[in-house]
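> Sharing a model prediction with you, sequence too.
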Amino acid sequence: MRERVIDRIVRRVPGVPDPAADLTPLVVREWLVTNGLGGYSSSTLAGLNTRRYHGVLVAALPNPIGRTVMLNHLGERVTLPGGATVRLDGDELADGELRADGARHLAEFRLEAGLPVWRYALGDLEVEKRVVMPHGQNSVHVSYHLVSGSGPVQIELRPAVQFRGYEATVSTPLREPYLLAAEAGHYALSDGSALPPLRLLADGHASAFTVDGRRTDGHFYRVDARRGFPDVGPLWSPGYFTATLTPHRPVALVASTESYEVMTAVPPGSALAAESKRRRRLLATAGPAASADPSVAELVLAADQFIITPAGRHADAARARAVGDEVRTVIAGYHWFTDWGRDTMISLEGLTLATGRHREAGFIVRTFAHYIRHGLIPNMFPDGSNEGLYHTADATLWFFHAVDRYVEATGDDETLALVLPTLRDIAEHHVRGTRFGIGVDPADGLLRQGAEGYQLTWMDAKVDGWVVTPRRGKAVEINALWYNALCLLEGWVRDHAGPAQAEPLARQAAKARQSFNERFWYDAGGYLYDVVDGPDGDSAECRPNQLVAFSLRHPVLDEARWAPVLEVVGQRLLTPVGLRSLAPGSPNYRPTYHGDLRSRDAAYHQGTVWGWLIGPWVDAWLKVHPHDRLGARRFVDGMVGAMDGFGVGSIAEIFDAEAPYTPRGCIAQAWSVAETLRAMLKTAHAG
């Protein structure tokens with residue numbers, strides 16, 4: 001029988017070699033399961049919650065509530081046939097006590113088609129634990145299987161909660177008293193607020209629940225401590241479930257904020273099979289590349305985590321349904337990002353078009369076309385809000401790029417015709433001038449941007465009113481994107497409205513191109529200025545933004561200068577895991593990203609490596625070396641290797657600027673995954 005693709009997508013992390021071994025490799029690695037709504041389940045491989053964002057169930061609740069930690073922790077104890085008791089979960093207390101017995105019994109952690117599995121060696125017995133979230137539900141299934149040995153094993157599962165928004169600190173007071181009610185087949189836990197109840201049920205032989213309400217204090221979250229946040233908090237438990245685990249009867253706990261009918265629609269014994277079937281369809285849709293290369297297949301499944309139906313935007317959903325459409329968006333990163341316009345547009349090709357999800361790509365394009373105001377796409381949607389924030393100069397220009405990639409991949413001229421008036425309106429707003437100082441300088445046709453107190457480009461760190469990299473003036477990638485947008489729009493208008501209406505756009509593009517090549521070339525360095533006409537003059541800081549000048553479909557930079565720029569960027573910015581955001585040697589350069597919020601933001605775009613930039617780098621490389629796909633492919637190897645060391649099975653947001661290039665920021669970032677996958681496919685069949 002032929003091996004299925006999904007059976008080859010296994011990523012393994014070994015357990016600790018002996019009980020005295022250092023647990024750090026299991027504490028710094030994290031796992032993530034998502035539900036297609038923006039909700040998730042996540043913690044460390046050691047079972048230790050180290051940050052406020054960790055939880056067994058972080059539900060994506062309707063606006064204005066937003067993502068909420070509903071089930072923080074699950075205590076897990078097994079009693080072996082001889083009477084010995086082993087704790088499988090982990091915990092760390094403020095007094096320094098580290099309770100991680102389970103990690104010391106962990107023989108192996110693995111991802112099977114992106115889903116986590118823990119295998120514990122308990123004497124002559126082996127127990128496997130799995131976590132699954134039914135797609136489209138705020139539900140989680142945690143199951144336990146006796147895979148070796150005869151048992152029976154008694155298992156005790158104690159849920160512990162601190163209902164709070166996922167951004168709220170761990171020191172948030174408990175909403176006591178919590179109310180526990182026994183309802184048909186399950187238990188419902190509530191706090192008397194507007195939050196839905198947390199429904200709990202256990203499925204297994206001789207399962208029972210014991211009411212034993214208790215509060216525990218002093219739970220310590222080491223990553224929050226390192227990041228300068230409150231790091232000690234309480235939890236409350238209503239009691240515990242018990243059941244008997246046998247070779248033929250697994251035990252499962254289901255936690256959900258859905259109605260009882262919805263949470264039981266996928267029974268505990270069927271949850272894994274249903275999700276596996278869905279993942280097989282994703283791989284089949286992705287096409288032959290996913291069948292041929294397990295790394296591509298793994299990235300296809302990682303990409304799925306970011307494509308969501310946003311919970312709670314009821315008006316948007318109703319409007320879309322009225323015309324036979326659906327709302328889709330992209331979570332920029334887990335754990336703390338929501339959907340961001342810029343990240344969505346940059347990621348669209350890799351997340352949807354490269355994976356064969358053309359229909360959802362169309363949903364995203366049409367969804368964001370509806371959100372445009374004053375010629376701008378929203379920068380981001382705050383969690384729990386229906387209203388976007390529009391302080392961005394580049395997201396709207398990346399929208400043109402996303403539409404171009406979508407139309408080329410699908411031939412969907414109907415959607416192009418639908419959004420074309422919006423695209424023309426965007427261009428007109430930019431020529432006239434719109435919000436935040438965004439507008440074309442009539443003297444040279446270049447696009448300028450900047451407003452006091454705002455960070456409008458992708459280098460957008462701001463803390464306590466300090467805009468770290470304001471980049472006010474005429475930024476290099478903004479003008480590369482502007483030229484590309486004008487060229488794309490000129491072609492679309494020519495096809496749909498005729499040459500006469502397209503001609504002004506062609507003239508505008510030609511003027512911008514001429515001015516760009518006159519103004520942005522930094523002859524002394526052999527590369528491009530990052531910003532010209534800024535408040536302090538021209539900035540010659542060597543940054544990766546200049547690659548956009550010739551990585552797009554319509555390069556604004558004269559071809560004779562492509563190779564020199566590529567060489568400088570390769571020498572000063574390229575790393576195995578993306579590009580530095582600033583070259584070493586600059587006064588503002590920071591080699592590591594660590595410390596409290598102010599320290600981190602000071603380094604965020606001042607040297608820190610960004611994984612997503614591997615995409616523009618590969619594009620630029622192939623512009624200069626069009627027949628060197630084999631050479632281009634080697635630049636992606638480090639990105640694939642990075643899937644093992646932080647958010648297992650995904651790619652981090654950022655990395656330190658110098659070896660060992662420690663991963664930082666979000667454990668799973670949409671554009672890191674998207675651009676790596678896109679670059680892999682673009683360089684496929686090399687050699």
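Done, it's in. Numbering: from 1, shown residues only.
> Give the buried residues for stretch 92-99.
Buried residues in stretch 92-99, defined by neighbour count with 16 or more other C-beta atoms under 10 Å: E92. Every residue, glycine included, has its C-beta placed from N, CA and C.
> With only the CA atoms kept, save the strand or helix carrying E360 in CSV.
Element membership for E360 (DSSP states H and E) is helix 358-371. Provided in CSV are the C-alpha atoms of helix 358-371 (Å, rounded to 0.1, in the frame of the first residue of the first chain):
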residue,chain,number,x,y,z
HIS,A,358,-7.5,30.3,-4.4
ARG,A,359,-11.1,30.7,-3.2
GLU,A,360,-10.0,31.9,0.2
ALA,A,361,-7.5,34.2,-1.4
GLY,A,362,-10.4,35.8,-3.2
PHE,A,363,-12.3,36.2,0.0
ILE,A,364,-9.3,38.0,1.6
VAL,A,365,-8.9,40.4,-1.4
ARG,A,366,-12.6,41.3,-1.4
THR,A,367,-12.7,41.5,2.4
PHE,A,368,-9.9,44.1,2.5
ALA,A,369,-11.2,46.0,-0.4
HIS,A,370,-14.3,46.7,1.7
TYR,A,371,-12.2,48.0,4.6
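> chain center to it: distance?
19 Å (C-alpha atoms, centre = their mean, to the nearest Å).
> now that helix: mean pLDDT?
For helix 358-371, the mean pLDDT works out to 96.
> Compute the inter-axis angle for the helix or strand just after that helix and helix 358-371.
The helix or strand immediately downstream of helix 358-371 is helix 395-410, counting by DSSP H and E. Angle of helix 395-410 versus helix 358-371, following axes from the mean of the first three to the mean of the last three C-alpha atoms, to 10 degrees, is 150 degrees.
> counting contacts, what elements does helix 395-410 pack onto?
Counting contacts by 3 or more C-beta pairs under 8 Å, 6 or more residues apart in numbering; DSSP states H and E, helix 395-410 packs against helix 341-348, helix 358-371, helix 413-432, helix 476-497.
> Run a quick check on L74 versus E156, I expect a contact.
No: under the criterion of C-beta atoms under 8 Å, L74 is not in contact with E156, lying 10.5 Å apart.
> Look at the two and report which has more neighbours.
Using other C-beta atoms under 10 Å as the criterion, L74 and E156 rank with L74 on top: 24 against 16.
> what sits against that one?
V56, D89, V142, L157, R158, P159, A160, L253 (C-beta atoms under 8 Å, 6 or more residues apart in numbering).
> Can you say which helix or strand has L622 in it?
In the assignment (DSSP H and E), L622 maps to helix 614-624.
> Identify the residues contacting that helix?
The contact list for helix 614-624, computed with C-beta under 8 Å, 6+ apart, reads 346, 350, 544, 547-548, 550-552, 555, 562-563, 565-566, 569, 574, 577-579, 628-629, 631-632, 635-636, 639, 671, 674-676, 678-679, 682-683.
> Which ones among those residues map onto helices?
Counted as lying in helices by DSSP state H, out of these, are 346, 548, 550-551, 562-563, 565-566, 569, 629, 631-632, 639, 671, 674-676, 678-679, 682.
> Could you turn the buried ones of these into a ChimeraX selection?
Buried residues within the ones in helices among the contacts of helix 614-624, by 16+ other C-beta under 10 Å, are selected in ChimeraX with:
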select :346,548,550,551,562,565,566,569,629,632,639,671,674,675,676,678,679,682
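> Am I right that P268 is in a helix?
No: P268 sits outside any helix when classified using DSSP: H, G, I helix; E, B strand; the rest coil, being coil.
> measure the nearest residue to it once chain neighbours are set aside to G55 for me?
Nearest residue to P268 in three dimensions, chain neighbours excluded: A252, at 3.6 Å (C-beta to C-beta, 6 or more residues apart in numbering). Noted for A252: a distance of 18 Å to G55, by C-beta to C-beta, to the nearest Å.
> And for Y406?
Relative to G55, Y406 is positioned 35 Å away (criterion: C-beta to C-beta).
> The two - which one has more neighbours?
Comparing Y406 with G55 by other C-beta under 10 Å, the one with more neighbours is G55, at 29 against 23.
> Dihedrals phi and psi, the more buried one?
The phi/psi pair for G55 (degrees, to the nearest 10) reads phi 180, psi 150.
> Looks like it contacts N72 (just checking).
Yes: the pair G55 and N72 qualifies as a contact (C-beta under 8 Å) at a distance of 5.1 Å.
> overlap in contacts of the two?
With C-beta under 8 Å, 6+ apart, G55 and N72 have common neighbours N49.
> top strand in the protein by residue count?
Counting residues, the longest strand found in the chain (DSSP state E) is strand 205-220.
> List the buried residues for it?
For strand 205-220, burial by neighbour count (16+ other C-beta under 10 Å) applies to S207, F209, H219, F220.
> Which one of those is nearest to V5?
Proximity of the buried residues of strand 205-220 to V5 was ranked by C-beta to C-beta; the top entry is S207 with 36.0 Å.
> my read: the closest one touches Y240, true?
No: here S207 lies out of contact with Y240, judged by C-beta under 8 Å, at a distance of 11.2 Å.
> picking that back up, give me phi/psi at the residue nearest to P268?
phi -140, psi 140.
> picking that back up, show me what counts as buried in the helix holding L622.
Buried residues in helix 614-624 (16+ other C-beta under 10 Å): I614, G615, P616, W617, V618, D619, A620, W621, L622, K623.
> what's the answer for stretch 430-442, then?
In stretch 430-442, counting by 16+ other C-beta under 10 Å, buried: H430, V431, T434, R435, F436, G437, I438, G439, V440.
> so how far is I377 from the residue nearest to the fifth one when sequence neighbours are not counted?
The shortest distance from F436 to any residue other than its chain neighbours is 4.3 Å, reached at A451 (C-beta to C-beta, 6+ apart). Remark: distance between A451 and I377 (C-beta to C-beta) = 17 Å.
> Looking at those two, which is more packed in?
I377 (25 against 16).
> List the contacts of that one.
Applying C-beta under 8 Å, 6+ apart to I377 gives the contacts G341, M345, F368, Y371, Y390, T392, A395, T396, F399.
> Phi, psi for the residue lying farthest from the centre of the chain please.
In the chain, counting by C-alpha atoms, centre = their mean, G82 sits farthest out from the average C-alpha position, at 44.9 Å. Here is the backbone geometry of G82 (degrees, to the nearest 10): phi -80, psi 0.
> measure it to D124 for me?
Distance from G82 to D124, counting by C-beta to C-beta: 10 Å.
> Where does confidence bottom out across the contacts of L74?
Within the contacts of L74, lowest confidence goes to D89 (95).
> Let me know how buried that residue is, in neighbour terms.
Applying other C-beta under 10 Å, I find that D89 has 24 neighbouring residues.
> Enumerate every residue touching the most centrally placed residue in the chain.
Centroid check for the chain by C-alpha atoms, centre = their mean gives G333 as the closest residue, at 2.4 Å. Applying C-beta under 8 Å, 6+ apart, one finds that G333 lies in contact with D343, E653, G665, C666, A668, Q669, A670.
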